[in-house]
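Peer 1: this one's sequence-less:
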Ligand SMILES: Nc1ncnc2c1ncn2[C@@H]1O[C@H](COP(=O)(O)OP(=O)(O)OP(=O)(O)O)[C@@H](O)[C@H]1O
Ligand SMILES: Nc1ncnc2c1ncn2[C@@H]1O[C@H](COP(=O)(O)OP(=O)(O)OP(=O)(O)O)[C@@H](O)[C@H]1O
Ligand code: SF4
Ligand code: SF4
Ligand SMILES: [Mg+2]
Ligand SMILES: [Mg+2]
């Protein structure tokens, strides 16, 4: 057992959306249906640690990210940073919270307004948050940041509009901008999936270096499992709003215990043509997270499922130190 | 050897009012029957342009296609519209990333495929069509049930499987897939790639697979062509090129991919950007980004050097395929 309390504690967080009923009258009599996008997720993270979140499309990765950044208020549960509830933090000082927790989105073109120059886009939030005393000082901070990210000549780039830069350049600016606030917690939701492979690595390496330098905790959301393994210390595998497996990233990749993780990893192609792939088939299409259960959510597609699996949701078991699996038949 | 397609000195230029874009430049390529060739390269390198030009799907008004594309005795560049119509679906079929959106939302899947079937076989009987379509649906791991469903009742993965089944209705000799699995998640993509490889053996089709994801090529192709700024850099067997890449660009591209197994190596990329395709550049097209570029590279375009059925366009290699200077072994460092 850990005695020290963790830096970031995600405590049974849930995000349920009511499903809109097609028929107004029906909705009164019918049982309310919920889309359980994120359901009772608990994870603890240390300072400077990088957690990768993987899973099929629609499993709730982005929703988890949004809730952690409190862009949406969770239906249930809370997140603690240094033992302080983020709900309280938001209430007391929203500005401070927004500064402390940064989120980087998938599409860099949506992040920046097309009407402003990069300079305006970078300077405005610095001013709002009171970073730098004068505009000249703030400009200096931005120029330094851009140059450190390999965006040169920085003062020329500052004059451009977002459409005058490539997707890779914009995404680098968006990461650099979030680092200007010296956040303690960064959520990167598929930060490179829209970008070309050749520019990906620069951005990933930049994110890694920055988080190491500033000792910031990062949640890296991605459907690219090889990339997640490369980036993260820990990996959480999500299925229909729940974390089904969690552990050191190498353990999860090399020794997955949950049938879903095993199937997910077996379906990843590698760039080694000699590798013999033993694909574990997952039957059927992913179900939607509308009132799932009562049993294991994966049961209808699981190659190991037994009758019991359909009856109660499996308990989380620590199968080895720090390796947690939510499956009753993991052995 | 049984050659299916031979592209010679093939160029595609987009001609707009103000400028020309040289999207594909003097490329040469041979594909044998039974091959599965992956064409990879970063965004904007001309992969789709090459495929669309071969299929003659580019608007003639503002594109120029020159060179030869010999497809089982016919030159695709010279065919007229009627001849093209005859070979599309029949001998040459295509699946795009967006193919799944091409299905009509108001009709059931089955009748839509029937219509496509009748384009080339107007007199086919209902039973013949039904048995062909259900056979193809099974090949791509879909149940017969799909026949009576509407597109909105299927997931993205199922719809893309339907598109693949449709492309196969007339047993084409060559199937071109342009980012056909890109929008799907890993599980679905992995399964579809597996199905494609199996189905190919059953139906004896040759495939060109266009993608920016090299792992897709590793999992499903026997040959690979690496394209950069409208030209091929390296072509060869997947097992050779991915294991032992010769061209500096191929090396850079491979080192941008993290691997799932083994050690975590530092990810390196290729710094710089694609050149402006509106200006014709002297010398090797990759020279501005190549760490091994010499004066010669900037002046002379490298010719293809062949070594055991693999070809590489780079001055680092002599005409015998040897490294000219051992110190010049292509490396990738930051
Ligand atoms: N505002 C909302 N209202 C209702 N349902 C929602 C809302 N936002 C998300 N959902 C649903 O919640 C589930 C999880 O969505 P989410 O976007 O978090 O998935 P994801 O794991 O990020 O998927 P992807 O890999 O495709 O980005 C989906 O079924 C989605 O349809
Ligand atoms: N209609 C057009 N007019 C002018 N230029 C065009 C046209 N279509 C494409 N191009 C240009 O031709 C080049 C090659 O584009 P193409 O779509 O073939 O690339 P690609 O390799 O398929 O890229 P991606 O991986 O992004 O699909 C690009 O520079 C593109 O901007
Ligand atoms: S609990 Fe049962 S159904 Fe769920 S993953 Fe484990 S074996 Fe499969
Ligand atoms: S020809 Fe020269 S510039 Fe081109 S790839 Fe080879 S070494 Fe680099
Ligand atoms: Mg998402
Ligand atoms: Mg394309």
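Peer 2: Received the coordinates, thanks. None of these values were measured; they are calculated from a predicted model. Ligands and ions are numbered 1, 2, ... in the order given.
Peer 1: contacts, neighbours, all on C-alpha from now
Peer 2: Noted.
Peer 1: number of nearby residues for the nearest residue to residue B:193 once chain neighbours are set aside?
Peer 2: Leaving aside its sequence neighbours, residue B:193 sits nearest to residue B:220 (C-alpha to C-alpha, 6 or more residues apart in numbering or on different chains; 6.2 Å). Residues near residue B:220, counting by other C-alpha atoms under 10 Å in any protein chain shown, number 23.
Peer 1: Could you do residue A:209 as well?
Peer 2: Quick note: residue A:209 (other C-alpha under 10 Å) scores 12 neighbours.
Peer 1: Find the helix or strand that the residue in the stretch 201-331 of chain A that ligand 2 sits nearest to is a member of.
Peer 2: Ranking the residues of the stretch 201-331 of chain A by distance to ligand 2 (C-alpha to the nearest ligand atom) places residue A:201 first, at 17.3 Å. Following DSSP states H and E, one finds residue A:201 within helix A:197-214.
Peer 1: now that helix: how far from the chain's centre is it?
Peer 2: Offset of helix A:197-214 from its chain centre (C-alpha atoms, centre = their mean, to the nearest Å): 16 Å.
Peer 1: Next, see if that helix gets close to chain B.
Peer 2: Yes. Contact of helix A:197-214 with chain B (C-alpha under 8 Å from any C-alpha of the partner chain) involves A:197-202, A:205.
Peer 1: same thing with stretch A:155-172?
Peer 2: No. For stretch A:155-172, no contact with chain B is found by C-alpha under 8 Å from any C-alpha; the gap never falls below 9.3 Å.
Peer 1: measure that stretch end to end?
Peer 2: One end of stretch A:155-172 sits 16 Å from the other (C-alpha to C-alpha, to the nearest Å).
Peer 1: Just list what the helix holding residue A:201 packs against, helices and strands only.
Peer 2: Packing contacts for helix A:197-214, counted by 3 or more C-alpha pairs under 8 Å, 6 or more residues apart in numbering or on different chains; DSSP states H and E, involve helix A:167-180, helix B:248-255.
Peer 1: Could you check how far residue B:205 is from residue A:163?
Peer 2: Counting by C-alpha to C-alpha, the gap from residue B:205 to residue A:163 is 43 Å.
Peer 1: which SS class is residue B:11?
Peer 2: Three-state call for residue B:11 (DSSP: H, G, I helix; E, B strand; the rest coil): strand.
Peer 1: again with residue A:58
Peer 2: Residue A:58 ends up coil, using three-state DSSP.
Peer 1: Please name the residues that touch it.
Peer 2: Residues in contact with residue A:58 (C-alpha atoms under 8 Å, 6 or more residues apart in numbering or on different chains) are A:240, A:288.
Peer 1: burial measure for the closest residue to residue B:275 other than its chain neighbours, as a count.
Peer 2: Spatially, and ignoring its direct neighbours in sequence, residue B:275 is nearest to residue B:229 (7.0 Å; C-alpha to C-alpha, 6+ apart). Neighbour count for residue B:229, taken as other C-alpha under 10 Å: 23.
Peer 1: quick one: residue B:229 and residue B:284 touch, right?
Peer 2: No. Residue B:229 lies out of contact with residue B:284 (C-alpha atoms under 8 Å); the separation is 10.6 Å.
Peer 1: Correct me if wrong: the residue of the stretch 201-331 of chain A closest to ligand 2 contacts residue B:266.
Peer 2: No. Taking contacts as C-alpha under 8 Å, residue A:201 lies outside contact range of residue B:266: 9.0 Å.
Peer 1: These two: who's more crowded?
Peer 2: For residue A:201 versus residue B:266, neighbours defined as other C-alpha under 10 Å are more numerous around residue A:201 (24 against 14).
Peer 1: Ligand 4 versus that one, what's the distance?
Peer 2: Look at residue A:201 and ligand 4: by C-alpha to the nearest ligand atom, to the nearest Å, they are 20 Å apart.
Peer 1: Same check on residue A:97?
Peer 2: 49 Å.
Peer 1: Please identify the helix or strand for residue B:34.
Peer 2: Here residue B:34 is assigned to no helix or strand, by DSSP H and E.
Peer 1: Please disregard the earlier target; I meant residue A:245.
Peer 2: Assigned by DSSP H and E, residue A:245 falls in strand A:242-248.
Peer 1: residue contacts, the residue in the stretch 151-300 of chain A that ligand 3 sits nearest to?
Peer 2: Residue of the stretch 151-300 of chain A nearest ligand 3, by C-alpha to the nearest ligand atom: residue A:299 (3.4 Å). By C-alpha under 8 Å, 6+ apart, the contact list for residue A:299 reads A:305, A:309-310.
Peer 1: In JSON lines, list these along with secondary structure, pLDDT and distance to ligand 3.
Peer 2: Compiled in JSON lines, these are given as follows (DSSP: H, G, I helix; E, B strand; the rest coil; pLDDT from 0 to 100; distance: C-alpha to the nearest ligand atom, whole Å):
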{"residue": "A:305", "secondary structure": "coil", "pLDDT": "91", "distance to ligand 3": "4"}
{"residue": "A:309", "secondary structure": "helix", "pLDDT": "92", "distance to ligand 3": "4"}
{"residue": "A:310", "secondary structure": "helix", "pLDDT": "93", "distance to ligand 3": "7"}
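Peer 1: Show me which of those is closest to chain B.
Peer 2: Closest approach between these and chain B, by C-alpha to the nearest C-alpha: residue A:305, at 18.7 Å.
Peer 1: near chain B at all, stretch A:259-277?
Peer 2: Yes. Legend: contact between stretch A:259-277 and chain B by C-alpha under 8 Å from any C-alpha is shown at A:263-264, A:267-274.
Peer 1: What subset of these is buried?
Peer 2: Listed as buried from the residues of stretch A:259-277 next to chain B are A:263-264, A:267-273; burial here means 16 or more other C-alpha atoms under 10 Å in any protein chain shown.
Peer 1: Which of those fall in helices?
Peer 2: If you go by DSSP state H, these have A:263-264 in helices.
Peer 1: which one of the helices and strands packed on helix A:197-214 is the most hemmed in?
Peer 2: helix B:248-255 (a mean of 23; mean count of other C-alpha atoms under 10 Å in any protein chain shown).
Peer 1: Toward the C-terminus, what is the element adjacent to it?
Peer 2: Assigned by DSSP H and E, the successor of helix B:248-255 is helix B:295-299.
Peer 1: quick one: contacts of the helix or strand harbouring residue B:53?
Peer 2: Using DSSP H and E, residue B:53 sits in helix B:47-54. For helix B:47-54, the surrounding residues in contact (C-alpha under 8 Å, 6+ apart) are B:12, B:23-24, B:39-41, B:58, B:65, B:69, B:76-77, B:176, B:178, B:210, B:227, B:230.
Peer 1: returning to that earlier point: pick out whichever of the contacts of residue A:299 sits closest to residue A:35.
Peer 2: residue A:310 (19.6 Å; C-alpha to C-alpha).
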